[in-house]
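1. coords please:
(chains A and B)
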Amino acid sequence: MPKTFIENWFKKKSWKLHDHQIKMIESGALGLSTLLIAPTGGGKTLAGFLPSIIEINADPTNSLHTIYISPLKALTVDVARNLLEPLSEMDLKITVETRTGDTPQSKRQRQRKSPPNILLTTPESLALLISYPDSSTIFQELKCIVIDELHALATTKRGDLLSLALARLNTWAPQARRVGLSATIPYPAEMAEYLSCDQTINPVKIIEAKPTKKPSVEILIGNSRLPWSGHMGIYAADEIYSAILNHETSLIFVNTRAQAELVFQALWKVNDKNLAIALHHGSLSVEQRRIVENAMVKGALRAVVATSSLDLGIDWAAVDLVIQIGAPKGVSRLLQRIGRSNHRLDEPSKAILVPANRFEVLECQAAFKSILDENLDGDILRQGGLDVLAQHIQGVACSGPFDKHVLFNEIRNASAYKHLSLEDFNSVISFVCDGGYALKTYDRYRRIKLDDNDLYRIADSSTERRYRMNVGTIVESTTLKVKMRRGRFLGEVEEYFAQGLVPGDTFIFAGRLLTFEGIRETTIEVSLGRGETPKVPSYIGGRLPLSSNLAEGVRALLQNPSSWRNLAAPVKEWLERQEQLSTLPKSDELLVEIFQRRRLFYMVAYSFEGRNAHQTLGMLLTRRMERSGTQPLGFVATDYAIAIWSLKQPSNIKDLFDEDMLGDDLENWMAESTVLKRTFRDVAVIAGLIDRRLPGHKKTGKQVTFSSDLIYDVLRKYDPNHILLRATRADAARGFTDIHRLGALLKRIKTNINVKYLTKVSPLAVPILLEIGRENVKGSAIDSLLDDAEEALISEGMAMQ
Amino acid sequence: MFEFYLNNTRLIADISGALFWPEKQTVIFSDLHLEKGSWFAKQNVFLPPYDTLDTLNRVEKVINYFKPLRVISLGDSFHDDTWMERISKEQITKILNLTNNYEWFWIQGNHDPSGVPSLGGINLNDYLDPPLTFRHEAKRETTDGEVSGHFHPKAKIKLNRKSFSDRCFISDQTRVILPAFGSFTGGLNVMDKAISSFFRDDFKVFLLGSKVRQFPKTALIS
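-> Next up is the predicted model:
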């Protein structure tokens, strides 16, 4: 048996090969592409490599045998370490190297001449690696492609880029099989489809390793008064602290970076025993994050407060408790977080959910039930972005001349682009050539052009240089460094946050209260602050909308009072009062409450479609109400409901919610929306229209930074169907506007609207009305703010004279 | 529209970024940067080719509104000196139409040091029409009443926890600097020394937006 040396090594370690590891070896021996679905831990990554180790050992080679792709640079380094150890213990001569943005230029060049047997890399570095004229030779002997954390990659633009690279590799090395490693997901068949290049001829085998025990989950409600609104959850700090005390190592997940800072502070305030509690989020400097991660590996910490920055990554065997503070928002993500505790498949993971307000109690309860029923949620695969395709085609051109028809067929082999139309493909080619504008005035200038043999070639080296500088699909918002005055670098904050600061302002960052001193070039200088009331960083990011699956769970819970017995007493009482004073929202109808309060009319719709869809609904409804003379003043959107207030009583509610709002109204709003401009900027950078701005770097003379807002305005006016605008609208529709979900809602409730006229605010509406004031009102509000500012200054000036 | 006085002369800062001198029936534009898009295209950066068309459309709109006798373009009318190789016939016709119908002055700028030959109008370095002086770039030592462009001023003001920024005019009793009018022209914050050092501390900006609003230095952030 060829794998004996592996069995011996497992025996020496007194480990046993898991079932799924054995199946992976068998599947590998048959040369099958395979998708392994397994919870965190349980030797998933090793399972991906075992067949390659066996093959290389049986048939030693000097060429590249296996390429491993991970979404995180840091993960490639860890995997290399975790792979080299068993290899040396088994005394195998297999070379393993990483290749990421951190790899020195000299090493990268050497790797292209003499590659290791196993190369560990990221989607972006792979895209670069396949863009050299000699690239195809490196991959000729390639046998296996392993993609780690496939669930995190496949549904994003990085997944589009990777899928195009896979199609390229398939042309060069058709013999290479593909292996996907994924956390538990709701649509294994779709994920297998992403992995395959032709699911009918070459189906991907799916191996599922299920944990034998379901996680043990409890919902914790603090002893102090359960808040009506807010999302921070610090009211339960005492109870969270005792949970930390009662466990070895706790991983505490929160939803936003601002929340991480607040929870961290709240825990240290009650930390009488001086437990080692650390903080980890994406704005902190890489060094700081590494210190925390290493301390975690050594078992030196009792708890880490973290955002999604720790959703993926290295396994820590020592973690025996996961605490989720705030709403889980989705079941799959919650399960992945919970899976980060207790990495043995035969023992249940342990988790505590801490809801931060009443609605979140319902959401946690619904999540709890979904975990029991194994009812997962997640994104369905996306259609590949045209901006990513444009970037890829520039990379293809850099690697050598290409035939348009051959390339089209290759690209249709990429799962994300298998439905790409020839028309769209041609538009992208023409965009890459000269911008692809309806007005043809750039004929003389070309990035790529046809030669005499009907092959496209790059026109000059500037295209190549620009492509290599801009590769990748992650467009960071501009950030500024945070530095102590005469001291160390703490991390980065978004530019817009820093711009709101005035010297003397205080804010919490990196677990400290800091005073803003000033901005110097790309750095903001701070000193340690005093006082109690900081301005908390209002970071964006991490604010996921409620999944449709969980929303359904919450609706089911609400309309079924017999399921309330598990709810905490104040929550139960709250729902009972709602039933008496108004009514409970039913699954198959839309409950709309209308009441008057202090001369304003409030309309609250309980639509449960997540904050993004509600934000869009709010913009569209207020437009309609403005037209019908209801004089809306503003709205607030939560994950569960939307509230609009107006000077006049809203009427014709059924017409108001008519599906046709998704026509012109939507088009007009999207065109004006500033969020759409931000989406356009990302699309323009990914497609290679403008160069990316590298945070912290000064722009070089050769770099073209150009305000994308100016381009957007002009393009919209003169070339509204340009391919980049189409890509922008597609992104917006599935991203921040969540139009698909909104459309489904409007279709579902068509005639089933239950309008309740009340004399005062209902119990269910209270948490939503409490959100008012936290949210921005409307776009036109900035105008009245400007008027106020001008007026205030005028009267100030008058008073002085 | 916002009315202000420079060297005892009544001027109007228009929402479009153009300046109007009612007494002399004169409209002033600055930094049109025509054919900037095609200049980028020459470097293989394919910005949309509609900037010249859009800028000229907006120029026409302002002219149709004020119905002036005279128009002054304060320099950097074109983005570079080789625009002739790239400009389309339609745009040339559009420009000739303007220069034929109005008394038209092209002031030379650093982007178009040779001025704008062969499109009608009069090319000039500086243009004195007391009590005002028109030139591309402000001079440190100058007499009162200087009208210039070049710096593309914009201003940012703080509103609660947000900020708002847009193009602006900046003026004290000595001079005014106009915002750039071209569709593809970015801006420089007036708090930057390159601009603010030309002005006394009591300067005002006339900020563009949904209407023109006046702010003192104390209201601005960098």
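2. each with direction, which strands does the strand ranked longest in chain B pair with?
-> Taking DSSP state E as the criterion, chain B has its longest strand at strand B:162-171. Sheet pairing for strand B:162-171, assigned by DSSP bridges, gives strand B:153-159 (antiparallel), strand B:175-177 (antiparallel), strand B:204-207 (antiparallel).
3. so what does the helix or strand just after the second one touch, helix or strand wise?
-> Just to be clear, that refers to strand B:175-177. Counting by DSSP states H and E, the element after strand B:175-177 in chain order, helix or strand, is strand B:188-189. On a contact count with 3 or more C-beta pairs under 8 Å, 6 or more residues apart in numbering or on different chains; DSSP states H and E, strand B:188-189 meets strand B:153-159, helix B:193-196. Every C-beta, even on glycine, is put in place using the N, C-alpha and C of the backbone.
4. quick check: residues of chain B near chain A?
-> Taking C-beta under 8 Å from any C-beta of the partner chain, the part of chain B that reaches chain A is made up of B:38, B:40-51, B:53-54, B:86, B:88, B:156-164, B:183-186, B:209-210, B:213-216, B:218-219, B:221-222.
5. out of the residues you listed, which are buried?
-> Buried members of those, counted by 16 or more other C-beta atoms under 10 Å in any protein chain shown: B:38, B:40-41, B:44-51, B:53-54, B:86, B:156-158, B:164, B:183-185, B:209, B:213-215, B:219, B:221.
6. look up how far B:I95 lies from the closest residue to A:E552 other than its chain neighbours.
-> Among residues not flanking A:E552 along the chain, A:S587 sits closest, at 7.5 Å (C-beta to C-beta, 6 or more residues apart in numbering or on different chains). Between A:S587 and B:I95 the computed distance is 65 Å (C-beta to C-beta, to the nearest Å).
7. just B:F46 next, same as before
-> Taking C-beta to C-beta, one finds B:F46 at 24 Å from B:I95.
8. grab the nearest non-local neighbour of the residue sitting nearest the centre point of chain B.
-> Residue closest to the average C-alpha location in chain B (C-alpha atoms, centre = their mean): B:S30, at 2.0 Å. Spatial nearest neighbour of B:S30, chain neighbours left out: B:G149 (2.9 Å); criterion: C-beta to C-beta, 6+ apart.
9. surely that neighbour meets B:R175?
-> No. Applying C-beta atoms under 8 Å as the test, B:G149 and B:R175 come out as separate, 11.3 Å apart.
10. neighbour-wise, which of those two wins?
-> Neighbour totals were compared for B:G149 and B:R175, and B:G149 leads with 29 against 24 (other C-beta atoms under 10 Å in any protein chain shown).
11. so what pLDDT did that one get?
-> Predicted confidence (pLDDT) at B:G149: the value is 96.
12. please apply the same query to A:L312.
-> So A:L312 comes in at 76 (pLDDT).
13. and the gap between it and A:E293?
-> Counting by C-beta to C-beta, the gap from A:L312 to A:E293 is 12 Å.
14. likewise A:A643?
-> A:A643 is 42 Å from A:E293, by C-beta to C-beta.
15. got the domain boundaries for chain A?
-> A:4-208, A:216-373, A:479-528, A:583-801 (automatic domain parsing).
16. what lies in contact with the helix or strand harbouring A:E239?
-> Assessed by DSSP H and E, A:E239 sits inside helix A:237-245. The contact list for helix A:237-245 (C-beta atoms under 8 Å, 6 or more residues apart in numbering or on different chains) reads A:220, A:222-224, A:250, A:252, A:263, A:266-267, A:269-271, A:273, A:275, A:277, A:302-303, A:321, A:323, A:325, A:352, A:354.
17. are any of the residues you listed buried, and which?
-> A:220, A:222, A:250, A:252, A:263, A:266-267, A:271, A:277, A:302-303, A:321, A:323, A:325, A:352, A:354.
18. picking up where we left off before, can you give me the pLDDT of the residue nearest to the centre of chain B?
-> Reading off the model, B:S30 has pLDDT 97.
19. first vs last residue of stretch A:370-390, how far apart are they?
-> 40 Å (C-alpha to C-alpha, to the nearest Å).
20. so that stretch, near chain B or not?
-> No. Stretch A:370-390 does not reach chain B (C-beta under 8 Å from any C-beta); its nearest approach is 11.1 Å.
21. I'd like to know which of the domains of chain A lies nearest to A:Y442.
-> domain A:583-801 (12.7 Å; C-beta to C-beta).
22. how far does the closest one sit from the chain's center?
-> 21 Å (C-alpha atoms, centre = their mean, to the nearest Å).
23. same check on stretch A:103-110?
-> 31 Å.
24. contacting residues around that stretch?
-> A:E97, A:R99, A:Q111, A:S125.
25. the last one: what secondary structure?
-> Translated: A:S125. Under DSSP: H, G, I helix; E, B strand; the rest coil, A:S125 falls in the helix class.
26. where is the longest helix in chain B?
-> Scanning chain B for the longest helix, with DSSP state H as the assignment, gives helix B:51-66.
27. and that one, C-alpha only, in PDB?
-> Output of helix B:51-66 as PDB, limited to C-alpha atoms (Å, rounded to 0.1, in the frame of the first residue of the first chain):
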ATOM      1  CA  ASP B  51     -15.000  65.900 -21.500                       C
ATOM      2  CA  THR B  52     -14.600  68.500 -24.200                       C
ATOM      3  CA  LEU B  53     -18.200  68.100 -25.400                       C
ATOM      4  CA  ASP B  54     -19.500  68.300 -21.800                       C
ATOM      5  CA  THR B  55     -17.300  71.300 -20.900                       C
ATOM      6  CA  LEU B  56     -18.400  73.200 -24.000                       C
ATOM      7  CA  ASN B  57     -22.000  72.400 -23.400                       C
ATOM      8  CA  ARG B  58     -21.800  73.900 -20.000                       C
ATOM      9  CA  VAL B  59     -19.900  76.900 -21.300                       C
ATOM     10  CA  GLU B  60     -22.800  77.500 -23.800                       C
ATOM     11  CA  LYS B  61     -25.400  77.100 -21.100                       C
ATOM     12  CA  VAL B  62     -23.700  79.800 -19.000                       C
ATOM     13  CA  ILE B  63     -23.300  82.100 -22.000                       C
ATOM     14  CA  ASN B  64     -27.000  81.600 -23.000                       C
ATOM     15  CA  TYR B  65     -28.000  82.600 -19.500                       C
ATOM     16  CA  PHE B  66     -25.900  85.800 -19.000                       C
END
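28. what pLDDT, on average, does it get?
-> So the average pLDDT for helix B:51-66 ends up being 97.
29. with stretch A:352-364 instead?
-> 92.
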